[in-house]
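*Asks:* coords please:
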Amino acid sequence: MEKDCRTNDLKGSGCDNRDHDGANKAGESLKNISEMSLWSYLSTELLRGYQLDYDEARFTEKRERVYMVMRIPKELEKMMVYGFFLSLDAFLFVVSLLPLRILVALFHLMTKPCKNSGRWLEPAQVCDLLKCALVVASSWLLTFVDISILYHMVRGQAVIKLYLLFNMLDIADKLFSAFGQDILDSLSWTATEQCRNKTQHLGVLPHFALAVIYVVSHTMLILLQATTLNVAFNSHNKALLLIMMSNNFVELKGCVFKKFEKNNLFQMSCSDVRERFHLLILLSIVCHRNMTEFSWNPEYLWELIPDALIVLMAEVVVDWVKHAFIARFNEIPISVYGEYIMCMAQDLVNTRKKKAFSDHCDVLSRRMGFTPLPLVCLLFRVFGSMFKMTNPWAWLCVFCLYISSLVFKIINGFFLVRACCHFVNKHSKDKDPDVSSSSKIKPEHTSSTSSPVRKRVKLLEPENISANTVQMITKDGKLIIDNNSDIATDEQHYEDEIVDPGLTLKDTGSPHASLINRKRSLSEIDRYTLCSNRIV
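*Replies:* Next up is the predicted model:
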């Protein structure tokens, strides 16, 4: 024992001696540098060298960050293209397949007296009839709007007023999209609810009137956006167009230098998909209106295409820079865009199941904030003026356009469903086989009084506990959650902890009962879900 102690003492003294020698060498080196002559300094500046290998890990990490920024546009465009075709599928559904579904519903309604059982209409057929009635009623009300008078009213305003108007319309459009889908969902649920209690809702007709007001108002708002963009295209010095394009770069200031998480970036990505589709619709309306005024002269079309491409490319470049630096500053891996595509693919697959609870258009509207009904009404109003329906050839042109849109919708929807199934199958194969096998094992008995389950929670360090810390007493001990920090944001601080599934913050009587003590998954994130105290 004494021999071991002496050995340890000798080892400890050896380490102390090495540290002392290193300190002496560092002191001598610093003394030599401070006492160098002018000639020595000049020769050192000309001949001194250094090796990056001494800090290999840091430089390798910086190189990987550069490669990540360079790869983000490619991964982002994959998601953008996929989301664009999803939005186009939802838009073409209302234009092409919805009329056919209405005919099927009417046939089912007329043949119902010959059948003895079942309801008159299925819930999905009732929702289809309501959507068709909304489009017809809103399109009829929009026929009283004179687009030419609206254009001259907007054109008579000053440039700065038009710039402010366009920004106000953009904000109003987002607010309408956030609340509009709730109005449409409320109408569908009120019309299809089986256990109807009249004291709990206003009735179908008031909800339908509210939905008509929303669709008409949102359509008028988009029409004003298209009119303002049309005035910018037709201005002589293009000053308004440049000011409106600069608004995209102002968006960088509000996004790049702020803290983002994966869920916030998902919301932003969905918003960018919707904005691109929305911008393409506005540009198509502008080109249509201008070509109609010039009797469809092809020469004027070549004057419009460069401006339209500049506006579109400005949107694309700003999206690339925005996502690249957000991922760079917040250290978000590039693989999240594959997860976003997987989440949207899962939405489409779920709507194809037998027990689907919503249509794909409605799911897409909640996920991206994209509502196709106002855009369909706007296109009916704008493009409807192109044909004089008293001419038989006009009816033939309309029929050919309808058949073309129907064929494209079927082809687009077919390949989208196959692509979604491919993404879902690939994601399921990439999972850990242990996790996938364990998920297939179902417990024999499940109840609220079952044994505690394992959850992943974030454990706070003792020095990070503040006075505003919320304490939740669990069955097996004390679990501390800091309401000032983001829960489940740092993977390296997670540990497994036993948490009683039947106990919530409400059981503790805490004033912070609304605090959610778990991280939301991507499938729970809608376009306007509050994530980390912000909505992108």
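
*Asks:* go ahead and flag the most central residue of the protein.
*Replies:* residue 270 (2.3 Å; C-alpha atoms, centre = their mean).

*Asks:* so who does the closest residue to that one other than its chain neighbours touch?
*Replies:* Counting by C-beta to C-beta, 6 or more residues apart in numbering, residue 368 is the residue found nearest to residue 270 once chain neighbours are left out, at 4.2 Å. C-beta coordinates here come from the backbone N, C-alpha and C atoms, glycine included. Residue 368 sits next to 83, 87, 270, 271, 273, 274, 527 when contact means C-beta atoms under 8 Å, 6 or more residues apart in numbering.

*Asks:* what is the lowest-pLDDT residue among those?
*Replies:* Within the set of the contacts of residue 368, pLDDT is lowest for residue 527 (59).

*Asks:* ok so, going back, confidence score at the residue nearest to residue 270?
*Replies:* 82.

*Asks:* same thing with the one 3 residues further on?
*Replies:* Looking at residue 371, its pLDDT reads 86.

*Asks:* hang on, it packs against residue 221?
*Replies:* No - using C-beta atoms under 8 Å, residue 371 makes no contact with residue 221, being 11.7 Å away.

*Asks:* the residue nearest to residue 270 and residue 79: what is the separation?
*Replies:* Relative to residue 79, residue 368 is positioned 11 Å away (C-beta to C-beta, to the nearest Å).

*Asks:* try residue 314
*Replies:* As judged by C-beta to C-beta, residue 314 and residue 79 stand 20 Å apart.

*Asks:* and residue 137, by the same measure?
*Replies:* 36 Å.

*Asks:* more crowded one of these two?
*Replies:* Using other C-beta atoms under 10 Å as the criterion, residue 137 and residue 79 rank with residue 79 on top: 22 against 17.

*Asks:* where's the more buried one, which helix or strand?
*Replies:* According to DSSP states H and E, residue 79 maps onto helix 56-92.

*Asks:* in that helix, which residues are buried?
*Replies:* By 16 or more other C-beta atoms under 10 Å, the buried positions in helix 56-92 come out as 68-69, 72-73, 75-76, 79-80, 82-92.

*Asks:* elements contacting the helix ranked longest in the chain?
*Replies:* In the chain, taking DSSP state H as the definition, the longest helix is helix 392-430. Under the contact criterion of 3 or more C-beta pairs under 8 Å, 6 or more residues apart in numbering; DSSP states H and E, helix 392-430 touches helix 56-92, helix 336-351.

*Asks:* give me the angle between it and helix 336-351.
*Replies:* Orientation check (axes from the mean of the first three to the mean of the last three C-alpha atoms, to 10 degrees): helix 392-430 against helix 336-351 gives 110 degrees.

*Asks:* relative to helix 56-92, how tilted is helix 392-430?
*Replies:* For helix 392-430 against helix 56-92, the angle between stretch directions is 140 degrees (the same axes, to 10 degrees).

*Asks:* mind listing what's buried in helix 392-430?
*Replies:* Residues 406, 409, 412, 413, 416, 417, 420, 423, 424, 427 are the ones in helix 392-430 that count as buried (16+ other C-beta under 10 Å).

*Asks:* which ones are touching the closest residue to the fourth one other than its chain neighbours?
*Replies:* Put plainly, it is residue 413. Excluding the flanking residues, the one nearest residue 413 by C-beta to C-beta, 6+ apart is residue 89, at 5.3 Å. Residue 89 sits next to 360, 409, 412, 413, 416 when contact means C-beta under 8 Å, 6+ apart.

*Asks:* returning to that earlier point: which of residue 371 and residue 221 has more neighbours?
*Replies:* residue 371 (25 against 19).

*Asks:* tell me how far that one lies from residue 89.
*Replies:* 14 Å.

*Asks:* what do you get for residue 177?
*Replies:* From residue 177 to residue 89 the distance is 18 Å (C-beta to C-beta).

*Asks:* same question for residue 64.
*Replies:* Counting by C-beta to C-beta, the gap from residue 64 to residue 89 is 37 Å.

*Asks:* residue 100 too?
*Replies:* Distance of residue 100 to residue 89, given as C-beta to C-beta: 15 Å.

*Asks:* cool, and residue 75?
*Replies:* Relative to residue 89, residue 75 is positioned 22 Å away (C-beta to C-beta).

*Asks:* equivalent analysis for residue 372, please.
*Replies:* In terms of C-beta to C-beta, residue 372 sits 10 Å off from residue 89.

*Asks:* kindly report the same for residue 405.
*Replies:* Distance, residue 405 to residue 89, using C-beta to C-beta: 11 Å.

*Asks:* secondary structure class for residue 145?
*Replies:* Assigned by DSSP: H, G, I helix; E, B strand; the rest coil, the conformation of residue 145 is coil.

*Asks:* wait, doesn't it sit right on residue 227?
*Replies:* No - assessed by C-beta under 8 Å, residue 145 is found out of contact with residue 227, at 10.8 Å.

*Asks:* neighbour count: the two, which is higher?
*Replies:* The neighbour comparison of residue 145 against residue 227 (other C-beta under 10 Å) goes to residue 227, with 24 against 13.

*Asks:* the more buried one and residue 148 touch, don't they?
*Replies:* No - Residue 227 is beyond contact range of residue 148, at 10.1 Å (criterion: C-beta under 8 Å).

*Asks:* mutual contacts of those two, please.
*Replies:* Common neighbours of residue 227 and residue 148, counting by C-beta under 8 Å, 6+ apart, are absent.

*Asks:* on that earlier part again, return the distance of the longest helix of the chain from the chain's centre.
*Replies:* Distance of helix 392-430 from the chain centroid (C-alpha atoms, centre = their mean, to the nearest Å) equals 22 Å.

*Asks:* columns distance to residue 162 on top of the helices and strands packed on helix 392-430, output as CSV?
*Replies:* Below are the helices and strands packed on helix 392-430 laid out as CSV (distance: least, C-beta to C-beta, whole Å):
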stretch, distance to residue 162
helix 56-92, 27
helix 336-351, 35
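
*Asks:* where does residue 49 land in three-state SS?
*Replies:* The three-state label for residue 49, taken from three-state DSSP, comes out as coil.

*Asks:* let me see the contact set for it.
*Replies:* The contact partners of residue 49, by C-beta under 8 Å, 6+ apart, come to none.

*Asks:* mind pulling up the pLDDT for residue 379?
*Replies:* On the pLDDT scale, residue 379 gets 88.

*Asks:* that one: which element?
*Replies:* Per DSSP H and E: residue 379 is located in helix 372-384.

*Asks:* now swap in residue 32 and tell me
*Replies:* According to DSSP H and E, residue 32 maps onto helix 2-34.

*Asks:* same check on residue 219?
*Replies:* Assigned by DSSP H and E, residue 219 belongs to helix 204-234.

*Asks:* tell me the buried residues in that helix?
*Replies:* Neighbour counts over helix 204-234 (16+ other C-beta under 10 Å) mark 204, 207-208, 211-212, 214-216, 218-234 as buried.

*Asks:* in three-state terms, label residue 334 for me.
*Replies:* Under three-state DSSP, the three-state class of residue 334 is coil.

*Asks:* if I pick the closest residue to residue 151 other than its chain neighbours, what's in contact with it?
*Replies:* Excluding its sequence neighbours, the residue lying closest to residue 151 (C-beta to C-beta, 6+ apart) is residue 227, at 5.4 Å. By C-beta under 8 Å, 6+ apart, the residues touching residue 227 are 147, 150, 151, 154.

*Asks:* the first one and residue 384 touch, don't they?
*Replies:* What it means is residue 147. No - at 10.9 Å, residue 147 and residue 384 do not qualify as touching, with contact defined as C-beta under 8 Å.

*Asks:* understood, closing this out.
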